[in-house]
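Chemist: Below is the sequence, then the predicted model.
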Amino acid sequence: MSKRPFTRDQKTTIIYGVLGPIVTLVILQLWLLSATMNAYLGGDLRVAWPAAFFSLACLLLNAGLLRYVYALDAR
Amino acid sequence: MSRDRSGDGKRSPDGKPEAEQPPWRRDFPIDTAQDAYVARRDYAKFLVLTSLAFVVGQFGIAFAGLKRAIARAPAREVARVEDIPPGGAIVFHYPGPHDPCLLVRDVDGSFVAYGQKCTHLACAVVPHVDKKRIGCPCHEGAFDMATGRPLAGPPRRPLPLVKLEVRDGAVYALGVEDRTV
């Protein structure tokens, strides 16, 4: 039995649901960038690389969520 | 009021059927639901691009930190002891020609040196040896002369500390230490 395709209203609801974590991750990245810049200007270089990799992980999560949103159109 | 129940038909902003819409809207119909769907999808795309920009910024900071860690400032003579009387101060540039620093001689004869850019908005700080302070005239910021730590005003971070050594009648700068607290 094949799955029924999503209606447009369902897709819109899904996008709203996906936007929640994306916005949260972007705000987290903004906080991380300002904290890292403050540490860098203060000469604390230890946090720069872990923060960069954590930010990259956030981007990959965001990209995965966006990929899912675009995959919805194919259904 | 008729509404599209399937969620896939065309829908006007007020939800009324097309026959009840004004002529201008019938001439140029906009599918509001589809418009909202595409707008949210594009918003998600914009946010992911913002996320990419943040990652670029993070790695930029990380590489700048790596570059700074590799490039160590060389020791250099910045002044002769007899050139600065107790209570006096001079400006010198260290480690590069665009890095102004302040060398202050306290009344007891000891030397301290800090980067001259205020940690608030990079105004040039000036010494007030009688008050044991270094002040920023732009926003009334003040730093402790002995430690370089902020005492008043908007600055939150200490001034960069220039490590000094006095030998053979000369003052040598050995390196710069940026600090957060």
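Modeler: Nice, I can see it.
Chemist: What's the per-residue pLDDT of the residue of chain B found nearest chain A here?
Modeler: Scanning chain B for the residue nearest chain A gives residue B:178, at 2.5 Å (criterion: CB to the nearest CB). C-beta: built from backbone N, CA, C; applies to glycine. Confidence at residue B:178, expressed as pLDDT, is 82.
Chemist: Quick check: residue B:162 touching residue B:111?
Modeler: No - in this structure, residue B:162 is not within contact of residue B:111 by CB atoms under 8 Å, at 9.7 Å.
Chemist: between those two, what contacts are shared?
Modeler: Jointly contacting residue B:162 and residue B:111 under the rule CB atoms under 8 Å, 6 or more residues apart in numbering or on different chains are residue B:103.
Chemist: So for the two, which residue has more residues nearby?
Modeler: Neighbours per residue (other CB atoms under 10 Å in any protein chain shown) separate residue B:162 from residue B:111, with residue B:162 holding more: 27 against 18.
Chemist: Give me the buried positions along the helix or strand hosting that one.
Modeler: According to DSSP states H and E, residue B:162 maps onto strand B:161-167. Within strand B:161-167, the residues that count as buried by 16 or more other CB atoms under 10 Å in any protein chain shown are B:161-162, B:164.
Chemist: List the contacts of the residue of chain B closest to chain A.
Modeler: A:41-44, B:160.
Chemist: ok, the residue of chain A found nearest chain B - how many residues close by?
Modeler: In chain A, no residue comes nearer to chain B than residue A:43, which is 2.5 Å away by CB to the nearest CB. Residue A:43: 17 surrounding residues under other CB under 10 Å.
Chemist: where does it fall, phi/psi-wise?
Modeler: phi 90, psi 10 (degrees, to the nearest 10).
Chemist: nearest spatial neighbour of it, skipping sequence neighbours?
Modeler: In this structure, residue A:43 finds its nearest non-sequential neighbour in residue B:178, 2.5 Å apart by CB to CB, 6 or more residues apart in numbering or on different chains.
Chemist: just residue B:72 next, same as before
Modeler: That would be residue B:175: by CB to CB, 6+ apart, it lies 6.9 Å from residue B:72.
Chemist: Assumed the one you found was part of a strand.
Modeler: Yes - the assignment for residue B:175 by DSSP: H, G, I helix; E, B strand; the rest coil puts it in a strand.
Chemist: The closest residue to residue B:128 other than its chain neighbours pairs with what?
Modeler: Nearest non-adjacent residue to residue B:128, counting by CB to CB, 6+ apart: residue B:135, 5.5 Å away. Beta-bridge pairing of residue B:135 under DSSP bridges involves residue B:126, residue B:142.
Chemist: pLDDT averaged over stretch A:5-16, what's the number?
Modeler: Taken as a whole, stretch A:5-16 has an average pLDDT of 88.
Chemist: In that stretch, which of the residues would be classed as buried?
Modeler: Buried-residue list, stretch A:5-16, by 16+ other CB under 10 Å: A:6, A:8-9, A:11-12, A:14-15.
Chemist: List, one by one, the residues from chain B near chain A.
Modeler: B:6-8, B:33-34, B:36-37, B:40-41, B:43-45, B:47-48, B:50-52, B:54-55, B:57-59, B:61-62, B:64-66, B:68-69, B:119, B:157, B:160, B:177-181 (CB under 8 Å from any CB of the partner chain).
Chemist: Good, we can wrap up now.
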